[in-house]
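1. Structure for the following, please:
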Amino acid sequence: MGRGVRHVRLGLRVDRGTFTADLQDVTAKGDNNVVAKHRSTATRGEKKLDVTTTLDFTVEDGTISRIDESTSDEAAEDAFWSRCHAPG
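-> Got it, this is the predicted structure:
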């Protein structure tokens, strides 16, 4: 399962519905690629997420064949989505 899908599934459970993805830009890159950027925000307890996410879609025969995801701040993403527990 791709990292983005895992984050969305986790988000549905742990952020209590606060996750939003506000589309900022969509750009065609040649005949087979489309790049979409959105601002991802969410809150969970004291944790807050506010990053720019880029999705690079590869299209083959009119169908999305691949999606590559990148984020403006991987450490912030990891901190927000982690399930860290205090040492016991």
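2. so for stretch 43-62, what's the average pLDDT?
-> Across stretch 43-62, pLDDT averages out at 92.
3. Identify each buried residue in it, please.
-> Within stretch 43-62, the residues scored as buried using 16 or more other CB atoms under 10 Å are 49, 51, 53, 55, 57. In short, each C-beta sits where N, CA and C put it, glycine included.
4. Can you tell me what sits against that stretch?
-> Applying CB atoms under 8 Å, 6 or more residues apart in numbering, the contact partners of stretch 43-62 are 4, 14-16, 18-19, 21, 24, 29, 32-42, 64-73, 76-77, 79-81.
5. any idea where the strands of this protein begin and end?
-> Taking DSSP state E, the strands of the chain run over residues 20-29, 33-44, 47-60, 63-71.
6. now the angle from the third one to strand 33-44?
-> If you take axes from the mean of the first three to the mean of the last three CA atoms, to 10 degrees, strand 47-60 sits at 160 degrees to strand 33-44.
7. Strand 47-60 pairs with which strands, parallel or anti?
-> strand 33-44 (antiparallel), strand 63-71 (antiparallel) (DSSP bridges).
8. For the residue nearest to residue 64 when sequence neighbours are not counted, give the beta-bridge partners.
-> Of all residues not flanking residue 64 in the chain, residue 57 sits nearest, at 5.3 Å (CB to CB, 6 or more residues apart in numbering). Bridge pairing for residue 57 (DSSP bridges) gives the partners residue 34, residue 67.
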